[in-house]
Each structure stands twice: as C-alpha cells, then as structure tokens.
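Colleague: Attaching a predicted model along with its sequence, questions to come.
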Amino acid sequence: MDEVLFQSLWPNPSVGFSFQPSIGASSGILMSWDRNVVEVWSTSRLPHVLVIRGRVIQTGREFIIANVYAPCDTAAKQYLWDTLLPIVIHNNNANLCLCGDFNSVRSIEERKGWGTIFRQHDSDIFNKFIDDGFFGGFADQWEIIHLVSR
C-alpha cells in the first residue's frame with residue numbers, strides 16, 4: 001500500500017500508517033495512527049509481524065505495538081515466537097501491545113470451529129512463548145486479555 005492509496009482511503013493528513021505486504025494467504029497488515037496523539041519513531045517489518053515504536057504525546061509514555069498475523073505452519077510459528085520473544089523481553093519498560101491473529105490456542109478447549117484441527121505441539125510452543133515472555137508471571141492478565149480477544 002502506498003501513500004496515494006492510503007490517503008484515498010483516509011484523507012486526513014494527520015493520520016500516519018505503516019503496511020506489511022501479504023505473506024501467503026494473508027492480506028497483509030495495516031496499522032494507522034493519529035500523529036496528533038502519538039509520535040511514531042520507527043516501524044519494523046518482520047515476517048508475519050508489523051512493529052511500531054513511539055510515544056504518546058500527552059503523557060510521554062513510550063509504547064511498542066506488535067501486530068501479528070501468524071502462519072499456520074508449525075515451524076514458521078516457532079520462528080515467529082523466537083523472533084518476537086526478544087521484542088517482548090527487551091522492551092525497555094515501554095507499554096507493550098501484542099495483538100493480531102496468532103493462529104494458536106493454549107489448549108484444546110479454546111479451539112473453535114468445525115473444520116479446525118488441534119495440534120498439541122502448536123499449543124506447546126505458543127504456551128512456551130507466553131511463559132518465557134512477558135506473560136510468564138502474569139497468568140491472570142493473559143486470561144483477561146485472551147478473553148477480550150475472543
């Protein structure tokens with residue numbers, strides 16, 4: 001997505017954006033923000049992830065937002081979690097938002113849909129990512145966030 005197309009969709013000049021082109025069947029990842037509210041310092045495009053870093057202008061509070069569109073392949077998921085873990089752990093006390101479509105569940109009870117298959121190994125590597133990352137000591141917060149995302 002280029003500036004011209006984005007401006008035709010959202011003609012407000014104070015809105016910034018970053019786009020991660022599609023990988024496989026995904027349509028890509030688009031993130032937008034109001035430049036009057038947040039100052040975005042950097043954008044990183046990683047396989048299956050778009051990361052923005054910046055600060056909230058009014059409070060000065062720094063943030064990192066990682067928008068994920070996880071692959072379905074188990075090996076690719078493992079690579080994704082391994083890539084995200086340093087971002088999660090070394091966030092320099094910035095507010096961190098990890099959002100998107102993880103294409104993973106923590107247990108078979110979370111699996112929804114008739115045509116879906118539960119893969120224990122996918123669940124195991126997702127749980128390891130959560131345990132090793134910022135949710136390690138915050139199981140209650142993970143449950144709250146996860147319930148909201150359903």
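Modeller: Nice, I can see it. Numbering: from 1, shown residues only.
Colleague: If I follow the layout properly, residue 79 ends up in contact with residue 49?
Modeller: No. With contacts counted by Cβ atoms under 8 Å, residue 79 stays clear of residue 49, the gap being 10.9 Å. In short, each C-beta sits where N, CA and C put it, glycine included.
Colleague: Distance from stretch 47-61 to the middle of the chain?
Modeller: Chain-centre distance of stretch 47-61: 12 Å, with Cα atoms, centre = their mean, to the nearest Å.
Colleague: got it, and stretch 67-87?
Modeller: Counting by Cα atoms, centre = their mean, stretch 67-87 comes out at 10 Å from the chain centroid.
Colleague: Which residues does that stretch contact?
Modeller: For stretch 67-87, the external contacting residues (Cβ atoms under 8 Å, 6 or more residues apart in numbering) are 20, 23-24, 26, 28-29, 31, 46-51, 64, 66, 98-104, 119, 121-122, 125-126, 128-129, 132-133.
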